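> output the structure for:
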Amino acid sequence: MIYFIISTVIFAADQLIKTIVPRHQVMFIINYTENTGAAFGILREHIGFLIFIGLIIIGVICYFLKNLDEQQSMLKFGLSFILGGSVANVSDRIMRGYVIDYIDFKVWPVFNLADICINFGLFLIIVKLIFWSNKQKCQNS
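Predicted coordinates for the structure are as follows:
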């Protein structure tokens, strides 16, 4: 249950920020952008395909969150961050036809909180799969 709460908080925070940003671009790193594509603007103008893939990803993540045992907490935390970010970006695509991006460091494409959470979730899963799997292999040898 905690994992779905984390996902919901991420979704709500991202959506709240996206309602504030267009009216309050006061920081130098805030740059309101409407992204009709995926990461780095790839698949621009293929909104239907991106929604379809996003919904499949959300379904798969929900399945794993419900079926992984509690000993897999790091995987579940990673999945919950990916779920929250994915729901936020897919809901943007469904409701607006684009994703609102707003964090701009000028040396990287503009992104948002949902993107940060998706990447952080992937990082947790990679760390779990690489380092903990290798640790267990060493202990079993």
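> only C-alpha atoms, please: export the lengthiest helix in the chain in CSV.
If you go by DSSP state H, the chain has its longest helix at helix 73-96. Once non-C-alpha atoms are left out, helix 73-96 reads as follows in CSV (Å, rounded to 0.1, in the frame of the first residue of the first chain):
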residue,chain,number,x,y,z
SER,A,73,11.2,-3.5,-1.1
MET,A,74,13.9,-1.7,-3.0
LEU,A,75,12.5,-3.0,-6.3
LYS,A,76,9.0,-1.9,-5.1
PHE,A,77,10.3,1.6,-4.2
GLY,A,78,11.9,1.9,-7.6
LEU,A,79,8.7,0.8,-9.3
SER,A,80,6.6,3.2,-7.2
PHE,A,81,8.7,6.1,-8.3
ILE,A,82,8.4,5.0,-12.0
LEU,A,83,4.7,4.5,-11.6
GLY,A,84,4.1,8.0,-10.1
GLY,A,85,6.1,9.7,-12.9
SER,A,86,4.6,7.6,-15.6
VAL,A,87,1.0,8.3,-14.4
ALA,A,88,1.8,12.0,-14.3
ASN,A,89,3.3,12.2,-17.8
VAL,A,90,0.6,9.9,-19.3
SER,A,91,-2.2,12.0,-17.7
ASP,A,92,-0.6,15.1,-19.3
ARG,A,93,-0.6,13.4,-22.7
ILE,A,94,-4.3,12.3,-22.3
MET,A,95,-5.6,15.6,-20.9
ARG,A,96,-3.4,18.2,-22.7
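> I'd like the next helix or strand past it.
Sequence-wise, the next helix or strand downstream of helix 73-96 (DSSP states H and E) is strand 99-103.
> buried stuff in that next one?
Across strand 99-103, burial judged by 16 or more other Cβ atoms under 10 Å covers Val99, Ile100, Asp101, Tyr102, Ile103. The way it works is simple: take the backbone N, C-alpha and C, and place the C-beta from them, glycine included.
> now, among these, which is nearest to Val110?
Minimum distance to Val110 across the buried residues of strand 99-103 is 4.1 Å, recorded for Asp101 (Cβ to Cβ).
> for the closest one, what are its contacts?
Asn31, Thr33, Glu34, Asn35, Pro109, Val110, Phe111, Asn112, Asp115 (Cβ atoms under 8 Å, 6 or more residues apart in numbering).
> sweet, I'm off.
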